[in-house]
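Asker: pasting the structure only:
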């Protein structure tokens, strides 16, 4: 344990990572980045997979990905699965309910979802369908 702690506290040769370049090279890189940004416009899009989107992860990082969603029954059976390229879940609950209805032959009576799926449109639509909807709000 002591050795491990000493290793952690010792100087890290990569503590200040990066590449040192001269001012001319830095200017060239900045110009290239401006060209790439203007060519890609405001939408963050992959150059290798145009259907994927850059989505925020924990720690304020972005990763090229899709959003996978699933619905389960009270006895933990997967009843529906969706994969989307939307970075927000706000508009995903209604299509998921429709997918459950399509696969199971009837609309669910109760829906439990996290707060990311909440929107006023979703709430009003679910209540018009006579669904009991509960959104989990983190404390």
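Answerer: Done, it's in. Owing to the predicted nature of the structure, the values given are computational and were not obtained by experimental measurement.
Asker: Which parts of the protein are strands?
Answerer: Secondary structure of the chain (DSSP state E): strands at 53-56, 62-65, 67-72, 78-84, 110-114, 132-136.
Asker: What are the buried residues along the fourth one?
Answerer: Neighbour-count burial for strand 78-84, counted by 16 or more other C-beta atoms under 10 Å, picks out 80, 84. In this view, the C-beta of every residue, glycine as well, is placed from N, C-alpha and C.
Asker: Would you map the helices across the chain?
Answerer: Secondary structure of the chain, counting by DSSP state H: helices at 2-9, 23-40, 93-104, 120-128.
Asker: Pick the most deeply packed of those helices.
Answerer: Across those, the average number of neighbours (mean count of other C-beta atoms under 10 Å) peaks for helix 93-104, which reaches a mean of 16.
Asker: What's the mean pLDDT across it?
Answerer: Average pLDDT, helix 93-104: 92.
Asker: now what about that helix, what contacts it?
Answerer: By C-beta atoms under 8 Å, 6 or more residues apart in numbering, the residues outside helix 93-104 that reach it are 69, 71, 79-80, 82, 107-108, 111, 113, 117, 121-122, 125-126, 129, 131.
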